[in-house]
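Visitor: 3D, please:
(chains A and B)
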There are 2 protein chains.
Amino acid sequence: MYPPTFENLILELHKLPGVGMKSAERMAFSILGWSDDQQKQLSKAIADVNKLKQCKICGNLSENEVCNICSDTDRDHNQICVVQSEKDLYAIENLGEFNGVYHVLHGAINIPKGILPDQLNIPSLEKRINSNVNEVILALDPTMEGETTAMYLTRLLENQVLVTKLAYGIPFGGKLDYTDPRTLSKALSGRQKEKPE
Amino acid sequence: MYPPTFENLILELHKLPGVGMKSAERMAFSILGWSDDQQKQLSKAIADVNKLKQCKICGNLSENEVCNICSDTDRDHNQICVVQSEKDLYAIENLGEFNGVYHVLHGAINIPKGILPDQLNIPSLEKRINSNVNEVILALDPTMEGETTAMYLTRLLENQVLVTKLAYGIPFGGKLDYTDPRTLSKALSGRQKEKPE
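Guide: Coordinates of the predicted model:
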C-alpha cells in the first residue's frame, strides 16, 4: 500500500529486535521527517559496523587489530576475565572496578546444539595462559551452557593457573522467599564467613 | 567505553522514536551479528528515503511526481478526503472501503505554535476544488487543532462544494460509562436515527 521504498524501510526496521510492524512504521515516518543529513548519519552508522573487527588477542569488539583494553598498559594483563559476549564484557567494564583484561568466548558450550569448545574462542584463551598469568575469572551465565563451559574451562586450565568463578546467590535487593530453589541452594552452598566491612 | 563506531551506532539508533539507550544497545548488537548484506540492506533502505517526494496533487508520499492513488483512473477523483498526515491516509486506505482520492495537509492549524493555513497544504486543496468535485470529507483528528482546521476548511469551501466530516462518537467495543464527557457529548449531539442494517 505504501510506496515500495517506504514499505521496504518498514520491513527492514521490523528486522530489528523488539520492533513490531507498528513500531517500524512509526520509526519509518520519523526518519521520513528527518533532514537529509540526519538520514545519512543513521544510514552510515549502520554501514560502518562492518569496519569493526574482533580483537586478535581477546575477541572483543575493536576498530584496530588489538582492542583498547588489550593495548592498555595500565591494566593488569595477568588477570583474565572470561565472558560469553561483548555485552557481558561491557556490563563488567561499566562497574569500573575491574582492572584486568578480558577474553570473549562468543558463546557457550551447548552439546545439544552442537556448539563444541573448538567453535568458541577457547583455543586462543589456552594460548594466552603462561606462567605470568595468575588468575582466570569465569564470568559466565548461570545457565546449563554457562555451567558446562565453566566446568570445561576449569578442567582445562586448573593445573596451570588459579581459576575462579563469579559468586552466585541472592541478587541484591532480592527477597529470600521469592528466590527460586536453585539460586537459594547456590547461595547456601556458597555461604561465606560474615566479615565486617 | 565501546569503540567509537559502535557507540555512534547506538546513539544514532537512540534517535528513533521509542528507542531508549538499552534498546539501542540491543539493536546495535543485533546489527553487529548480521551479515554484511543484511547490514547494507538496512543502511540503504534508510538512505533511499530521501528519494521519496510529495505527490504534487495531493501531498501523499510518492516515488513519482504524482502518487499511485492520484494516478489511478479507477478511483473517484471528485470525492476528496482531507487528512492531516500520510499515516492517517493509510489508516483509511487500509480499510479498503474508500474509493475517492486524498489530500494531505501535513499538519493542522495551531495558532499558539504559529502554524497558519498558508504553511499547510491548504492552498493546493483550494485549487483542486472545481465544479466536478462533489464532496470534501474532513478526516481530521478530534483535537483542538483538528477542529480548528475543520472549521477553517468548512468556511473556506462550503460555498463551492459539500463538506462533510467523519462521525465522532463512542468507539466500537467501548463502554458508555468509561467514555470521557466530551466524546459522550459528541455522541449525543451527533445521534442518528436507528436503521435496521
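Visitor: all strands of chain A, in order?
Guide: Remark: strands assigned in chain A by DSSP state E are A:53-54, A:61-62, A:79-83, A:101-104, A:135-139, A:162-165.
Visitor: The fourth one and chain B, are they touching?
Guide: If I follow you right, that is strand A:101-104. No. Using C-beta under 8 Å from any C-beta of the partner chain, strand A:101-104 never reaches chain B; the gap is at least 12.5 Å. Glycine gets a C-beta too; all of them are placed from N, C-alpha and C.
Visitor: pLDDT of that strand, averaged?
Guide: Average pLDDT, strand A:101-104: 96.
Visitor: what's near enough to touch the nearest residue to residue A:62 once chain neighbours are set aside?
Guide: With C-beta to C-beta, 6 or more residues apart in numbering or on different chains as the criterion, residue A:62 has its nearest non-adjacent residue at 4.3 Å, and that residue is residue A:55. By C-beta atoms under 8 Å, 6 or more residues apart in numbering or on different chains, the residues touching residue A:55 are A:61, A:62, A:65, A:66, A:67, A:69, A:70.
Visitor: which of those residues lies closest to residue A:138?
Guide: residue A:69 (17.8 Å; C-beta to C-beta).
Visitor: tell me the contacts of that closest one?
Guide: A:55, A:58, A:60, A:75, A:93, A:101, A:102.
Visitor: Highest neighbour count among the residues you listed?
Guide: The residue in those with the most neighbours, by other C-beta atoms under 10 Å in any protein chain shown, is residue A:102 (27 neighbours).
Visitor: now it: how far from chain B?
Guide: 12 Å (C-beta to the nearest C-beta, to the nearest Å).
Visitor: and that residue, what does it touch?
Guide: Applying C-beta under 8 Å, 6+ apart, the residues contacting residue A:102 are A:58, A:60, A:69, A:80, A:81, A:82, A:83, A:89, A:92, A:93.
Visitor: is it possible to export those residues to a markdown table including pLDDT?
Guide: Formatted as a markdown table, the contacts of residue A:102 follow (pLDDT from 0 to 100):
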| residue | pLDDT |
| --- | --- |
| A:58 | 95 |
| A:60 | 95 |
| A:69 | 95 |
| A:80 | 96 |
| A:81 | 94 |
| A:82 | 95 |
| A:83 | 94 |
| A:89 | 92 |
| A:92 | 88 |
| A:93 | 88 |
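Visitor: Of the residues you listed, just say which sits nearest to chain B.
Guide: Proximity of those to chain B (C-beta to the nearest C-beta) peaks at residue A:93, which lies at 5.9 Å.
Visitor: Spatially nearest residue to the closest one (excluding sequence neighbours)?
Guide: Using C-beta to C-beta, 6+ apart, the nearest residue to residue A:93 is residue B:1, at 5.9 Å.
Visitor: which parts of the helix ranked longest in chain A are buried?
Guide: Longest helix in chain A, counting residues (DSSP state H): helix A:144-157. Residues A:145, A:146, A:147, A:148, A:149, A:150, A:152, A:153, A:156, A:157 are the ones in helix A:144-157 that count as buried (16 or more other C-beta atoms under 10 Å in any protein chain shown).
Visitor: ok, the residue nearest to the second one when sequence neighbours are not counted - contacts?
Guide: Going back to what we said before, that points to residue A:146. Excluding its sequence neighbours, the residue lying closest to residue A:146 (C-beta to C-beta, 6+ apart) is residue A:140, at 3.8 Å. Applying C-beta under 8 Å, 6+ apart to residue A:140 gives the contacts A:82, A:83, A:84, A:105, A:108, A:146, A:147, A:149, A:150, A:165, A:166.
Visitor: Surely the third one is in contact with residue A:110?
Guide: It stands for residue A:84. No. Shown here, residue A:84 and residue A:110 do not form a contact pair, counting by C-beta atoms under 8 Å, at 11.0 Å.
Visitor: Comparing these two, which residue is more hemmed in?
Guide: Higher neighbour count among residue A:84 and residue A:110: residue A:84, with 21 against 16, using other C-beta under 10 Å.
Visitor: Report the contact partners of the more buried one.
Guide: Neighbours of residue A:84 in contact, by C-beta under 8 Å, 6+ apart: A:104, A:105, A:106, A:107, A:108, A:140, A:141, A:146, A:149.
Visitor: hmm, back to that, which one of the strands of chain A lies nearest to residue A:22?
Guide: Using C-beta to C-beta, the strands of chain A put strand A:61-62 closest to residue A:22, at 31.5 Å.
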